[in-house]
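Trainee: Sequence first, predicted model second:
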There are 2 protein chains.
Amino acid sequence: MPSAIAVDLPSGSYQIQIAPGNLDALGSQAANLGLGKKCLVVSNPLIFKHYGERVLNSLSQSGFQVQSCLLPAGERYKTANSIQKIYDVALENRLERSSTLVALGGGVIGDMTGFAAATWLRGINFIQVPTSLLAMVDASIGGKTGINHPQGKNLIGAFYQPHLVLIDPQVLKTLPAREFRAGMAEVIKYGVIWDLDLFNQLEACPRIEQLRYVSEELLAEILQRSCQAKADVVSQDEKEAGLRAILNYGHTIGHAVESLTGYRVVNHGEAVGIGMVAAGAIALALDLWDKESLERQNVLIKKTALPTKLPKGIEIEAIVDSLQTDKKVKDGKVRFILPTAIGKVEITDKVPAEVIREVLGEMRSH
Amino acid sequence: MPSAIAVDLPSGSYQIQIAPGNLDALGSQAANLGLGKKCLVVSNPLIFKHYGERVLNSLSQSGFQVQSCLLPAGERYKTANSIQKIYDVALENRLERSSTLVALGGGVIGDMTGFAAATWLRGINFIQVPTSLLAMVDASIGGKTGINHPQGKNLIGAFYQPHLVLIDPQVLKTLPAREFRAGMAEVIKYGVIWDLDLFNQLEACPRIEQLRYVSEELLAEILQRSCQAKADVVSQDEKEAGLRAILNYGHTIGHAVESLTGYRVVNHGEAVGIGMVAAGAIALALDLWDKESLERQNVLIKKTALPTKLPKGIEIEAIVDSLQTDKKVKDGKVRFILPTAIGKVEITDKVPAEVIREVLGEMRSH
């Protein structure tokens, strides 16, 4: 069942290793890469309580000098302050250019650790050990790293590729149910934008939100397909010059919703679910795809127990305004990723503001 | 007299354009590169007073929407706080991925602006318009960007290449004399590590510290040779995996001296001058080169009115300890760049601490 996916990029290639029990193989995998002696594991207290010891042991048994740095959990700590803490521990332990930062955690830990690795001594080695579904299938692959600015998500960051992404599906068993569902939002996204077979598989899955307890095999297969989708896309477009933008399906409005609610009301996956419902409806309003496809997408989102309405109290004009500060804006035009069929999308900056307003109006919570 | 040097790198190529009066050509050069409409010029108040208007005019006459952001002058402001200010202005003006940051200033402005460009929206366009000799021949070329950590210079940063380096030698006429001499330290460095002809040319130059008033032609030629030396080296080794390290000749001890005196006593070029004297003496102590070559180097440094002794009050043990936090440390070993002849150096991590102590002891101020 172990599988390895190669991500081949102009700036270097690396592997995504997926196997149950993989945490214990981290040390030997890292040793194979010929990295320097010093490793700093960055995590949050809860994740570290579950898996920290196994990861430290695995690394030190392979001869690494290991230290750890714990940061508070949550998107609202994805700040310059947290990066500063990583820098301070890096300095204290005299990390060198050949040293390695290991991100043990979800997307927030991965993004911050990656950005610290990208910017400490102008770049040191970096390994991703994602522990959330969201991080496994999305955040850990493709080299996007960064932090939030008080006025916008991920406004500060760098493209920086890891040397290895090591995935152990067994760790998903300790993931809170809400986090698991959030990760499924990105899995569904790959179905809609890239992989019809994956979409069909998810539709056929009877207890999708319980998948991690039901079938280790099906879970590993879905992880593998999702990672492969992401790897395919980023391999063709590392720096988001074109194709890669399709991965932002559901993210344009999703980011605005997250940002306007202070990253406290909905999590990233939930925001993406809301964003996919919105983008799907925009695509229908523009006659890009049909009502049945939209319905299939939305049923799958609902079946995963993800929200399909805007959070209460959010103003539609605030969303429309917030879209202007999105990284995906080009010459003042907001870019949308819109499906044309299940498994296919197109990129457009020609969505009239009235259509956005109308679609969002329909998505108000009552 | 205008000359263009190509810097060809795996991550992209760009030109160094050298010509008197070049400031007024910035707009048309930027337009030729097909950059997005928005430009943000980052500078300090003094430089901006001299050249800001010409630069803004040149850009706006070529159709760019231009804003400016002024930061206080000086190495001690090369901090995360200053970067935050650039981010804030970038956000306020809604810069986009296709927008451009223009660094108008010396090495400090260039390093910070480059780092902000590298990290805002995970990377936007970047143009260097160096106004100091140091920035022209060194800092603006090769993609090293970054800021200082309270405990060490340039510990935070990224490799990020500009789209263009535009040099106007005429601006050197307003450079303070001490800054000009500091830049000559890097020019002398290229002579010692790479270009014997350049070294001979400098030796033959009767009033080297007055060069900018004496001969516009000779100045342009020396700029051109120096930029070419830097471009040659970084083109062969963008990320400092090997060869590029030779550019750090004089910098190992130089950085320690700068850092230990709080960046207030000696400027970067002066520190490099001191570092070259030290490295030259280490090379002699290890029998790598001869006394005559060392003497020729030191005479040239003195002729440029650069210091050759350690600043008063600095402790030798503090320097030796500080070397350990340098980015050039690998597995705990400090790497030195040592000359084997004028125009040639080698890299070694085998300098006994006693030799460092002895050489530094000889360099104490009395």
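Mentor: Arrived safely, thanks for sending. Numbers count the residues shown, from 1 in each chain, chains lettered A, B, ... in the order given.

Trainee: What is the neighbour count of A:P176?
Mentor: 10 (other C-beta atoms under 10 Å in any protein chain shown). (Each C-beta comes from the backbone N, C-alpha and C, glycine too.)

Trainee: Also A:A139?
Mentor: 25.

Trainee: I figured it was touching A:I109, is that so?
Mentor: No: using C-beta atoms under 8 Å, A:A139 makes no contact with A:I109, being 9.3 Å away.

Trainee: And A:A6, its phi and psi?
Mentor: phi -90, psi 130 (degrees, to the nearest 10).

Trainee: Same check on the one 3 residues further on?
Mentor: The main-chain torsion angles of A:L9 are listed as degrees, to the nearest 10 and equal phi -130, psi 150.

Trainee: tell me the contacts of it?
Mentor: Residues near A:L9 by C-beta atoms under 8 Å, 6 or more residues apart in numbering or on different chains: A:G143, A:Q161, A:V234, A:S235, A:E238.

Trainee: Can I get the residues you listed in a markdown table including distance to chain B, pLDDT and secondary structure?
Mentor: A markdown table is the format used below for those (distance: C-beta to the nearest C-beta, whole Å; pLDDT from 0 to 100; DSSP: H, G, I helix; E, B strand; the rest coil):
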| residue | distance to chain B | pLDDT | secondary structure |
| --- | --- | --- | --- |
| A:G143 | 9 | 92 | coil |
| A:Q161 | 13 | 95 | coil |
| A:V234 | 13 | 92 | helix |
| A:S235 | 17 | 90 | helix |
| A:E238 | 11 | 82 | coil |
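
Trainee: Rebuild those as CSV, extending it with neighbour count.
Mentor: Putting the contacts of A:L9 into CSV (neighbours: other C-beta atoms under 10 Å in any protein chain shown) gives the following:
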residue, neighbour count
A:G143, 24
A:Q161, 24
A:V234, 23
A:S235, 18
A:E238, 18
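
Trainee: Now do the strands in chain A.
Mentor: Using DSSP state E, the strands assigned to chain A run over residues A:3-9, A:12-18, A:38-43, A:65-70, A:100-105, A:125-130, A:144-149, A:152-159, A:164-167, A:336-341, A:344-348.

Trainee: Okay, now the unreliable bits of chain A?
Mentor: Counting by pLDDT under 70, the low-confidence segments of chain A come to A:1-2, A:326-328, A:330-331.

Trainee: Quick check: the residue nearest to the spatial centre of it vs B:N32, distance?
Mentor: By C-alpha atoms, centre = their mean, the mean C-alpha position of chain A lies nearest to A:A139, the distance being 2.8 Å. Here the criterion is C-beta to C-beta, to the nearest Å. By it, A:A139 lies 38 Å from B:N32.

Trainee: quick one on the thing from earlier: mind checking the strands of chain A for the one nearest to B:I47?
Mentor: strand A:152-159 (25.7 Å; C-beta to C-beta).

Trainee: Now do the contacts for the residue nearest to A:V351 when sequence neighbours are not counted.
Mentor: In space, and not counting its chain neighbours, A:V351 is closest to A:F336: 5.0 Å by C-beta to C-beta, 6 or more residues apart in numbering or on different chains. Taking C-beta under 8 Å, 6+ apart as the contact definition, A:F336 lies against A:T252, A:A279, A:I282, A:I347, A:T348, A:D349, A:V351.

Trainee: Contacts only, for the residue in the stretch 151-300 of chain A positioned nearest to chain B.
Mentor: Residue nearest to chain B within the stretch 151-300 of chain A: A:G157 (4.5 Å; C-beta to the nearest C-beta). When the contact criterion is C-beta under 8 Å, 6+ apart, the partners of A:G157 are A:D111, A:F115, A:K144, A:T145, A:G146, A:I147, B:T119, B:L121, B:R122.

Trainee: Once you drop chain neighbours, what's closest to the last one?
Mentor: In this case it means B:R122. A:G157 (4.5 Å).

Trainee: can you pull the contacts of A:A220?
Mentor: A:A220 sits next to A:M1, A:S3, A:I18, A:P20, A:P169 when contact means C-beta under 8 Å, 6+ apart.

Trainee: Which ChimeraX command selects the buried ones in the contacts of A:F336?
Mentor: Burial among these is assessed by 16 or more other C-beta atoms under 10 Å in any protein chain shown; the matching ChimeraX selection reads:
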select /A:252,279,282,348,351
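
Trainee: how about a markdown table for the contacts of A:F336, with distance to B:K49 added?
Mentor: Below are those laid out as a markdown table (distance: C-beta to C-beta, whole Å):
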| residue | distance to B:K49 |
| --- | --- |
| A:T252 | 42 |
| A:A279 | 49 |
| A:I282 | 50 |
| A:I347 | 44 |
| A:T348 | 46 |
| A:D349 | 40 |
| A:V351 | 45 |
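
Trainee: how close does the residue nearest to B:R122 get to A:G254?
Mentor: In this view, A:G157 and A:G254 are 17 Å apart by C-beta to C-beta.

Trainee: repeat for A:R76
Mentor: When A:R76 is compared with A:G254 (using C-beta to C-beta), they lie 17 Å apart.

Trainee: Settle it for me: which of those two has more neighbours?
Mentor: Of the pair A:R76 and A:G254, A:G254 is the one with more neighbours under other C-beta under 10 Å, namely 26 against 12.

Trainee: The more buried one is in contact with A:V277, isn't it?
Mentor: No: with contact defined as C-beta under 8 Å, A:G254 does not count as touching A:V277 (9.9 Å).

Trainee: list the contacts for A:I141?
Mentor: When contacts are taken as C-beta under 8 Å, 6+ apart, A:I141 is in contact with A:V7, A:I16, A:Q128, A:V165, A:C227, A:K230, A:A231, A:V234.

Trainee: Buried subset of those, written for ChimeraX?
Mentor: Buried residues within the contacts of A:I141, by 16+ other C-beta under 10 Å, are selected in ChimeraX with:
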select /A:7,16,128,165,227,230,231,234
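
Trainee: Could you single out the nearest of the contacts of A:I141 to A:I319?
Mentor: A:K230 (26.6 Å).

Trainee: How about the contacts made by the residue of chain A most remote from its centre?
Mentor: Here the centre of chain A is the reference, and by C-alpha atoms, centre = their mean the most remote residue is A:G63, at 31.0 Å. A:G63 makes contacts with A:G27, A:A31, A:K37, as judged by C-beta under 8 Å, 6+ apart.

Trainee: measure the residue nearest to the first one when sequence neighbours are not counted to A:V351 for me?
Mentor: The reference is to A:G27. The shortest distance from A:G27 to any non-neighbouring residue, by C-beta to C-beta, 6+ apart, is to A:S62 (3.1 Å). According to C-beta to C-beta, A:S62 and A:V351 sit 51 Å apart.

Trainee: what does A:G361 give?
Mentor: To A:V351, A:G361 is 15 Å away according to C-beta to C-beta.

Trainee: and if you look at A:A283?
Mentor: Taking C-beta to C-beta, one finds A:A283 at 9 Å from A:V351.
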